[in-house]
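When you get a sec, could you give me coordinates for this:
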Amino acid sequence: MDRKEKIIEEIKKSEKPVSASALAKKLGVSRQIIVGDVALIRASGTNIIATPRGYILDNHQLQHTYTLAVKHTQEQLADELYTIVDLGGSIIDVIVEHPIYGQLTGKLHLSSRYDVNQFLKKITHDNAKPLSQLTNGLHLHTIQCLNQETYQRIVDALDEKGYLFKKN
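Residues are numbered from 1 along each chain as shown. Below is the predicted model:
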């Protein structure tokens, strides 16, 4: 098995994102070698996604994908994310419309409270602002769910909390 096959296998068997550094250590090469290998793997058609926490394989074909429009304050960010993952959704990304740059997308890949906690910890640690701050809290999320019922539970909960954006 060559190194690229080993990288795919490591990412496949992991239940959480795998960092380039962790792959490098396991395979005895530099992080830059891994980054290059991942680029070659992508070029060959395997859909590896880089998230803030590491690499994952895109498995969206196993789930249904939906887009939600939401609006909330920064103080409500954690509750919004927890609501989605607690009800069975995976948050793929956040999308905002910027007046100068157009559509900006940030990859999230949050599927559990642990993922959300790591994301929130990174915001705090890096003193960063979420993309939704650029649009006064209005943003889109691409989410994945196993079925329509799960999606509807998420929509209902976000609506009940006042996070679902509705045009007046």
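
Residue 164: how many residues sit nearby?
Residue 164 is flanked by 18 other residues according to other C-beta atoms under 10 Å. Backbone N, C-alpha and C define where each C-beta goes, glycine included.

do residue 22 as well
Residues lying near residue 22 (other C-beta under 10 Å) number 16.

How about the one 5 residues further on?
The local packing of residue 27 (other C-beta under 10 Å) involves 15 other residues.

give me every residue that touches it.
3, 6-7, 34 (C-beta atoms under 8 Å, 6 or more residues apart in numbering).

Show the buried residues in the residues you listed.
By neighbour count, with 16 or more other C-beta atoms under 10 Å, these hold 7, 34 as buried.

out of the contacts of residue 27, who's nearest residue 49?
Of all the contacts of residue 27, residue 7 has the smallest distance to residue 49: 13.5 Å, by C-beta to C-beta.

Pull up the gap between the closest one and residue 111, please.
Separation of residue 7 from residue 111 (C-beta to C-beta, to the nearest Å): 21 Å.

one step back: nearest to residue 144 among the contacts of residue 27?
Looking across the contacts of residue 27 and measuring by C-beta to C-beta, the closest to residue 144 is residue 7, at 23.5 Å.

Would you list the phi and psi of the closest one?
In terms of degrees, to the nearest 10, the main-chain angles of residue 7 are phi -60, psi -50.

Just to check, it is in contact with residue 22?
No. Judged on C-beta atoms under 8 Å, residue 7 makes no contact with residue 22 at a distance of 10.8 Å.

Helix, strand, or coil at residue 114?
Three-state assignment for residue 114 (DSSP: H, G, I helix; E, B strand; the rest coil): helix.

How many neighbouring residues does it have?
Each residue near residue 114 was counted by other C-beta under 10 Å, and the total is 11.

Packing partners of the worst-scoring helix or strand of the chain on mean pLDDT?
The helix or strand with the lowest mean pLDDT-type score in the chain, counting by mean pLDDT, DSSP states H and E, is strand 48-51 (a mean of 83). Using 3 or more C-beta pairs under 8 Å, 6 or more residues apart in numbering; DSSP states H and E, the elements in contact with strand 48-51 are helix 31-43, strand 54-57, strand 102-110.

thinking again about what came up before, is it possible to get JSON lines of the contacts of residue 27 that adds pLDDT and distance to residue 146?
Output for the contacts of residue 27, formatted as JSON lines (pLDDT from 0 to 100; distance: C-beta to C-beta, whole Å):
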{"residue": "3", "pLDDT": "92", "distance to residue 146": "34"}
{"residue": "6", "pLDDT": "91", "distance to residue 146": "30"}
{"residue": "7", "pLDDT": "92", "distance to residue 146": "28"}
{"residue": "34", "pLDDT": "93", "distance to residue 146": "31"}
